[in-house]
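**Student:** quick one, structure for this:
(2 chains)
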There are 2 protein chains.
Amino acid sequence: MEELKSIKKISEAFAGRKNELYGQKDEGRKVFGLFCTFVPTELILAANAVPVGLCGGKESTIPSAEEILPRNICPLIKSSFGFKKDKACPYIEASDVIIGETTCDGKKKMFEHLAEMTKLHIMQLPHFRDDRSAKLWLAEVEELKKLIEEETGNKITEEKLKEAIDKVNNVRKLFYKIYELRANNPSPINGKDSLKLFQLSYLLDINTIESVLEDLVEELEERVKKGEGYSGKRILIAGCPMVAGNTKIPELIEDTGAVVVGEESCTGTRQYENYVEGYTIEKLADRYFKIPCACKFSNEERIERIKELVKEQNADGVVYYTLQYCHTFNVEGALIEKELKKAGIPIIRVETDYSESDKEQLKTRIEAFVEMI
Amino acid sequence: MEELKSIKKISEAFAGRKNELYGQKDEGRKVFGLFCTFVPTELILAANAVPVGLCGGKESTIPSAEEILPRNICPLIKSSFGFKKDKACPYIEASDVIIGETTCDGKKKMFEHLAEMTKLHIMQLPHFRDDRSAKLWLAEVEELKKLIEEETGNKITEEKLKEAIDKVNNVRKLFYKIYELRANNPSPINGKDSLKLFQLSYLLDINTIESVLEDLVEELEERVKKGEGYSGKRILIAGCPMVAGNTKIPELIEDTGAVVVGEESCTGTRQYENYVEGYTIEKLADRYFKIPCACKFSNEERIERIKELVKEQNADGVVYYTLQYCHTFNVEGALIEKELKKAGIPIIRVETDYSESDKEQLKTRIEAFVEMI
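**Tutor:** This next block holds a predicted model:
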């Protein structure tokens, strides 16, 4: 089958992104660096500023980070911190303000160290899902709005907010569409390419993403029509984010001949699922508040959503993926394993970092799992 | 010098505590099991109920816990969970309700598993120290009050609350007094005995604690008058809780001939410092809200308090103690190390679990540290 042109296009866009971003800065646009999919990018876009994801997916900066941070915290946190410490990431360096949040212990406390190196604003993400917590979160979103307005000097008008909400909702719609197409067998796109979409959509300009996704939907529809794509055992990945630089798990899975048909992940469903259902700040806060992340107590919604996703994507099994030392996803993984097994859904849990050292062992386990299901 | 009679008395009281507690239950008093020093025990006492600490300090129940929980979370969490899973702790079994909180990722998510085994109420402890968070915490404390009233059938009247606040404040005053006495050189009490006080005060009846501490103050005053006590290098322990069953670090320190003169810990200063400064629920919530735990973002107060404690207790150095995989205390430890070194205060950081396997290595490091300071 023919190569996906839009995947090539997104890689090219990424190659030019650094210059484009610094060009946007030269035009006077402020850059907001983000560490989490909980931060409402609509507010940044509505102020004519640029959101850019900063989570680190590479091992190279971890040794430097470990000069300050403990070894036994998650590789994403260490990698990200190392990128700032070593000034090794153009996106971090381009950021006028970094917006952090209190999703997990490791990140929350890492930000105390990062605060010594950069301008930082931390959003308090509550632990609970109750009304009190929703109210607190709304206040945090309102405070972020104020901060963005002050930083940019641009008022976030109702009109601008509506425009931004429509724009991001449209990107969400396109991701939904792609997931629908991936439900086909054969799947018209593999997991490695899908992950690239999610990873780069944190980095690229929203207009680029939107246009690439529109093209991709057409290409995938074409493939589905022709019955082209990837057969083999169908795997849903569930768990931690797999940010740019980290493609270990989908590669290991697809090297066995299986195909990844969905990612219940911050680089996946948590990134696009649920629309902002109106044009107010309340509706905006509400959409983000509901993201089913393991950092919340407690998470029945997430368990249910994983079961649904298995059905929707016609998955044969779940690879539950935890970044090493990520307590929230790890401890919740045990609950999810139990519930999925109860529902007759095959699941394997893997915990890994950014190194190469456990690849052979993981390969053996994943191969055995794929063969078994 | 003569043995401390009150330390003997507290050990005897502990030996009889199980029967006493079940006796209190037989009288119709409800038992509330606690996992954190953030829970306002005054509310429980004011409802004529019994608070009892449940944190596990023993290795024995960890293998069982690891059948469900990941290996790489902190030993305190695993030990506690294992005690419930194996029904191995009379205090957990005696608890009518367990009150958890959202101090750290590991505990927060462990409670989701514990909820399947017991009646559980979780308090949301916010990440921040700002007004919004204080308000949320107050609402949590008010909700706890309601729950306790419902469980016990006893109204927490203003008078009962005042009584309980006075009672716990008096225990705080006695602990303050003991810390003052420990500032003497020689210190009239060693770290092993001091830790026993803190550990058992989570388990024993408040009246027993109060009476033991009163006697102890007299005994220590006597020792100070006579110039009796423990000489040697003076160490402040700072960091994670050392709950009943876990005496590893003070033992290792004092085996070198040094003496522990303070514990900046949940089994130490965080347990008693700061009075409830009034008789309202607001004042009560406020005292607990201010506890300088590493779970908060951010923690300048804690760093300052450690520096003050070094001065107040005439300490020669700090052993910063982290339970393995406790991200909050571990990551914050790096900041504290930097600040203490800046202030010319010697510090060594150790991370350990409940096993014996690292004892020799720790011994060597701590010996070298004590010799060096």
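
**Student:** buried ones in stretch A:229-248?
**Tutor:** For stretch A:229-248, the neighbour count (16 or more other Cβ atoms under 10 Å in any protein chain shown) marks A:229-230, A:232-248 as buried. Yep, even glycine has a C-beta here, placed from its N, CA and C like the rest.

**Student:** sorry, slip of the keys, the one I care about is stretch A:268-286.
**Tutor:** So, applying 16+ other Cβ under 10 Å, buried residues of stretch A:268-286: A:268-273, A:276, A:279, A:281, A:284-286.

**Student:** and which of these is nearest to chain B?
**Tutor:** A:Ala285 (13.8 Å; Cβ to the nearest Cβ).

**Student:** tell me who's in contact with that closest one.
**Tutor:** A:40, A:134, A:137-138, A:140-142 (Cβ atoms under 8 Å, 6 or more residues apart in numbering or on different chains).

**Student:** list phi and psi for it.
**Tutor:** Main-chain torsions, A:Ala285, degrees, to the nearest 10: phi -60, psi -40.

**Student:** again, but for A:Lys233
**Tutor:** Per-residue torsions, A:Lys233: phi -60, psi 140 (degrees, to the nearest 10).

**Student:** and the spatially closest residue to it that is not a sequence neighbour, what does it touch?
**Tutor:** Spatial nearest neighbour of A:Lys233, excluding adjacent residues (Cβ to Cβ, 6 or more residues apart in numbering or on different chains): A:Ala258 at 4.1 Å. By Cβ under 8 Å, 6+ apart, the contact set of A:Ala258 is A:232-235, A:370.

**Student:** so can I have JSON lines of these showing secondary structure?
**Tutor:** Formatted as JSON lines, these follow (DSSP: H, G, I helix; E, B strand; the rest coil):
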{"residue": "A:Gly232", "secondary structure": "coil"}
{"residue": "A:Lys233", "secondary structure": "coil"}
{"residue": "A:Arg234", "secondary structure": "strand"}
{"residue": "A:Ile235", "secondary structure": "strand"}
{"residue": "A:Val370", "secondary structure": "helix"}
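
**Student:** tell me what A:Glu351 is bridged to.
**Tutor:** Beta-bridge pairing for A:Glu351 (DSSP bridges): A:Thr322.

**Student:** ok, it touching A:Gln324?
**Tutor:** Yes. Counting by Cβ atoms under 8 Å, A:Gln324 is a contact partner of A:Glu351 at 5.5 Å.

**Student:** show me which of these two is the more surrounded one.
**Tutor:** It is A:Glu351, of A:Glu351 and A:Gln324, that has more neighbours when counted by other Cβ atoms under 10 Å in any protein chain shown, with 21 against 18.

**Student:** show me the two of the contacts of A:Ala258 that sit farthest apart.
**Tutor:** A:Arg234 and A:Val370 (10.0 Å; Cβ to Cβ).

**Student:** who touches both of the two?
**Tutor:** Taking Cβ under 8 Å, 6+ apart as the contact rule, A:Arg234 and A:Val370 both touch A:258, A:317.

**Student:** excluding chain neighbours, what is closest to A:Ile148?
**Tutor:** Nearest to A:Ile148 is A:Ala47, by Cβ to Cβ, 6+ apart, at 4.8 Å.

**Student:** same deal with A:Tyr176?
**Tutor:** Counting by Cβ to Cβ, 6+ apart, the nearest residue to A:Tyr176 once its immediate chain neighbours are dropped is A:Tyr272, at 6.7 Å.

**Student:** thought that neighbour was touching A:Phe175?
**Tutor:** Yes. Assessed by Cβ under 8 Å, A:Tyr272 is found in contact with A:Phe175 at 3.7 Å.

**Student:** the residue in the stretch 51-200 of chain A that chain B sits nearest to: which element?
**Tutor:** When scored by Cβ to the nearest Cβ, the stretch 51-200 of chain A has A:Lys109 as its residue closest to chain B, at 3.6 Å. If you go by DSSP states H and E, A:Lys109 is part of helix A:105-114.

**Student:** convert that helix to CSV, retaining C-alpha atoms only.
**Tutor:** Below are the C-alpha coordinates for helix A:105-114, written out as CSV (Å, rounded to 0.1, in the frame of the first residue of the first chain):
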residue,chain,number,x,y,z
ASP,A,105,4.2,13.8,43.5
GLY,A,106,7.2,13.6,41.3
LYS,A,107,6.2,16.4,39.0
LYS,A,108,4.9,18.6,41.8
LYS,A,109,8.1,18.4,43.7
MET,A,110,10.3,18.6,40.6
PHE,A,111,8.7,22.0,39.8
GLU,A,112,10.1,23.3,43.1
HIS,A,113,13.6,22.7,41.5
LEU,A,114,12.5,24.0,38.1
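
**Student:** okay, now the sheet partners of whatever helix or strand comes next after that helix, with direction.
**Tutor:** Under the assignment DSSP H and E, the closest C-terminal helix or strand after helix A:105-114 is strand A:120-123. Applying DSSP bridges, strand A:120-123 is found paired with strand A:97-101 (parallel).

**Student:** okay, the partner strand in CSV with CA atoms only?
**Tutor:** This file holds the C-alpha atoms of strand A:97-101, laid out as CSV (Å, rounded to 0.1, in the frame of the first residue of the first chain):
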residue,chain,number,x,y,z
VAL,A,97,6.3,31.0,31.0
ILE,A,98,6.0,27.3,31.9
ILE,A,99,2.7,26.1,33.3
GLY,A,100,3.0,23.2,35.6
GLU,A,101,0.4,21.3,37.6
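
**Student:** contacts for it next, please.
**Tutor:** Here strand A:97-101 makes contact (Cβ under 8 Å, 6+ apart) with A:30, A:32-36, A:38-39, A:54, A:92, A:107-108, A:111, A:114, A:118-125, A:144, A:147, A:151.

**Student:** please enumerate the strands of the stretch 251-373 of chain A.
**Tutor:** All strands of the stretch 251-373 of chain A, identified by DSSP state E, counting those that start in this stretch, fall at A:259-264, A:317-323, A:347-352.

**Student:** which of those strands sits most buried?
**Tutor:** strand A:259-264 (a mean of 27; mean count of other Cβ atoms under 10 Å in any protein chain shown).

**Student:** what sits up against it?
**Tutor:** Strand A:259-264 is touched from outside by A:179, A:182-183, A:186-187, A:190-192, A:194-195, A:198, A:230-239, A:242, A:250, A:253-254, A:268-270, A:302, A:305-306, A:309, A:312-315, with contacts defined as Cβ under 8 Å, 6+ apart.
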